[in-house]
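Asker: My questions are about this predicted structure, shown below with the sequence.
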Amino acid sequence: MNNNFVSFLSNEVKVGDVIIGGNNPIRIQSMTNTDTMDTFATVEQSIRMIDAGCELVRITAQNVKAAENLQNIKDELRKRGYTTPLIADIHFNPKAAETAARIVEKVRINPGNYVDKKSNKNYTENEYRQELEKIKERLLPLLKICKENGTAIRIGVNHGSLSDRILNRYGNTPEGMVESAMEFANICKSFDFENLILSLKSSNTRAMIDANRLMVERMIAEGLNYPLHLGVTEAGGGEDGRIKSTVGIGTLLKEGIGNTIRVSLTEAPEYEIPIARKIIEFSKTASQAEFFLIKNYKDYKHPLVISESRNTKADLFINNDRLIDKSGNQYPLQKFDNKQIKNSGDLIIIKNSYQNLNKEDFIIKSSLDYSGFLLDGVCQGIWLDTNGFISDEDTVQTAFDILQATGVRISKTEFIACPSCGRTLFNIQEALEKVSSKTKHLKGLKIAVMGCIVNGPGEMADADYGYIGAGKGKVNLYKKQEVIRKNIEEEKAVEALINLIKENGDWVDELN
Ligand code: SF4
């Protein structure tokens, strides 16, 4: 497990009456998905989130009008006795950011689209510097307003929406994400603006973890100590969304990285809060892992799932002190301590035992217990012992889901779904359920369900197919980054998606 970062202590940033960073508790935040122009609905949803324990509420401000309406939302919340700080979420629109910065306590800007233009050209060193100068010029008015009003800024980098300029030089990589954040952070620093929080998010847990680890290394090297906001974007819903969020956020929290978190689920935002709280709580408890060694395992391809029951889809089941694989090969199970030598062909298996947890606590705790080991390549097999309080089948499914969420073994379709926001024009939760009910058996495919065509195509990153809201009741379908069908009636869109997958030879019928 990576413990290089325990010495990183960020500075404190004041957002309204909430202090983020330093030795303060990890702050929980979420984002509304109502129309920002609908003051009543946004206030009501914010209150549901705050009552559930949300400490900061983010609201999209896609244009100046929406930014101005943040004043009405704020006034109504204060009138009803809620002092929770508000954050404006900005993409593409510096004017909206400048308007919002006078109203709310924090503004999130995305450096990938704040000023940078689309351009596929190769930048010379000179042109690259000139673009940076332009960004600086455009950012200074916002910094000035934020300084005058005590407004904090989050530089929110997304793996899926890096600028062409950054992509051109660094590729779609954790290094590019760090560079993007550093460019903006350096501009802020040159203006003595320190009320800054950084985030580096991705729907890919490994990219998100690598980027944040790298960011901390870079900050330590440069003597910087900005607080970090953690999140896995487009994590989806249900158990998969919970596991993916836990893997990304929890692994970093265990390493002492992260000061505020947002769990993004394709569900009502108030449901994100208890999950966030549990990830924080369980990240503080050590796992009671036991280590075993399997000697001379034949044809190892990917991390294995072990079960005590032979009636599951696990790779190996336990029979007394032996493990038996699907072909009947038997391996003695040996307790392993780090003093023993591991030869190639030997596998390290990690067992964790769980008692009396409800299903949700079990999936969060077990995801946290294994994610670091799997991502860092420490173990080649996982054995979850639930002592009968969860069925063997469900236990084994959770084990496979953890392997999928860490990206070390793919056994089913991966859904990338945004949590929706004020830009969404259809019920994304229903859309995700419809799409996943028809396509969840397509092992190895990544299918994105996104709420809008403004950010959806970029943020679905490396999805194979995209189902993206194009307007009220209308859907666009994508193959990779290319739009293939436009403005399909929502009722016909799932069928059209299936046809598109078939036309591209990626469809298989579901086995009964
Ligand atoms: S992709 Fe989803 S969350 Fe992101 S801006 Fe569009 S609707 Fe909002």
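Answerer: Received, thanks. It should be emphasised that the depicted structure is a prediction, and the values quoted were computed from it without experimental measurement. Numbering: from 1, shown residues only.
Asker: which residue does the stretch 101-250 of the chain bring closest to the ligand?
Answerer: residue 234 (7.7 Å; C-beta to the nearest ligand atom). Yep, even glycine has a C-beta here, placed from its N, CA and C like the rest.
Asker: Can you check the pLDDT for that residue?
Answerer: Confidence at residue 234, expressed as pLDDT, is 87.
Asker: Number of residues surrounding it?
Answerer: Residue 234: 28 surrounding residues under other C-beta atoms under 10 Å.
Asker: which residues sit in contact with it?
Answerer: 160, 203, 264, 416, 417, 418, 419, 448, 450, 459, 460, 461 (C-beta atoms under 8 Å, 6 or more residues apart in numbering).
Asker: pLDDT value on residue 337, please?
Answerer: Reported pLDDT for residue 337: 78.
Asker: quick one: it and residue 350, what's the gap?
Answerer: For residue 337, the distance to residue 350 (C-beta to C-beta, to the nearest Å) stands at 13 Å.
Asker: More neighbours: the two, which one.
Answerer: Under the criterion of other C-beta under 10 Å, the comparison of residue 337 against residue 350 puts residue 350 first, with 23 against 7.
Asker: where's the more buried one relative to residue 304, distance?
Answerer: For residue 350, the distance to residue 304 - C-beta to C-beta - is 11 Å.
Asker: which residues are common contacts for these two?
Answerer: Residues touching both residue 350 and residue 304 by C-beta under 8 Å, 6+ apart: 381, 382.
Asker: what touches both of residue 337 and residue 350?
Answerer: Contact criterion C-beta under 8 Å, 6+ apart; residues shared by residue 337 and residue 350: residue 291.
Asker: contacting residues for residue 303?
Answerer: Applying C-beta under 8 Å, 6+ apart, the residues near residue 303 are 374, 379, 380, 381, 382, 403, 408, 409.
Asker: Would you mind listing the two of those that lie farthest apart?
Answerer: Across these, the longest distance by C-beta to C-beta is 12.1 Å; it joins 379 and 409.
Asker: Those two: which is more packed in?
Answerer: Set residue 379 next to residue 409 and count neighbours by other C-beta under 10 Å: residue 379 wins out with 21 against 17.
Asker: Under a three-state scheme, what state does the more buried one occupy?
Answerer: coil (DSSP: H, G, I helix; E, B strand; the rest coil).
Asker: wouldn't it be in contact with residue 352 here?
Answerer: No - if you go by C-beta atoms under 8 Å, residue 379 and residue 352 don't touch, sitting 10.9 Å apart.
Asker: Could you tell me which residues touch both of those two?
Answerer: In contact with both residue 379 and residue 352: residue 370, using C-beta under 8 Å, 6+ apart.
Asker: Quick check: nearest residue in space to the closest residue to the ligand within the chain, chain neighbours excluded?
Answerer: Nearest to the ligand in the chain, going by C-beta to the nearest ligand atom, is residue 451, at a distance of 2.7 Å. Sequence neighbours aside, residue 424 is the residue nearest to residue 451 in space, at 3.3 Å (criterion: C-beta to C-beta, 6 or more residues apart in numbering).
Asker: pLDDT-wise, which helix or strand of the chain ranks last?
Answerer: helix 456-459 (a mean of 85; mean pLDDT, DSSP states H and E).
Asker: after that helix comes which helix or strand?
Answerer: Next helix or strand after helix 456-459 toward the C-terminus (DSSP states H and E): strand 465-471.
Asker: And the contacts of that following strand?
Answerer: Strand 465-471 has contacts (C-beta under 8 Å, 6+ apart) with 424-426, 428, 431, 435, 445-453, 456-457, 460, 475-479, 486-487, 493-494, 497, 500-501, 506.
Asker: Pull up the residues of this structure that are close to the ligand.
Answerer: 418-421, 423-424, 450-452, 454-456, 459 (C-beta under 6 Å from any ligand atom).
Asker: Please tell me how far the residue of the stretch 101-250 of the chain closest to the ligand sits from residue 311.
Answerer: 35 Å.
Asker: List the residues that contact residue 145.
Answerer: Neighbours of residue 145 in contact, by C-beta under 8 Å, 6+ apart: 98, 101, 102, 151.
Asker: tell me the SS of residue 317?
Answerer: strand.
Asker: could we number from 18 for the rest of this?
Answerer: OK, 18 is where the count begins now, so the last one is residue 334.
Asker: Closest to the geometric centre of this protein, which residue is that? Let me know.
Answerer: Ranked by distance to the mean C-alpha position of the chain (C-alpha atoms, centre = their mean), the top residue is residue 249 at 0.6 Å.
Asker: for that one, which residues make a bridge with it?
Answerer: residue 219 (DSSP bridges).
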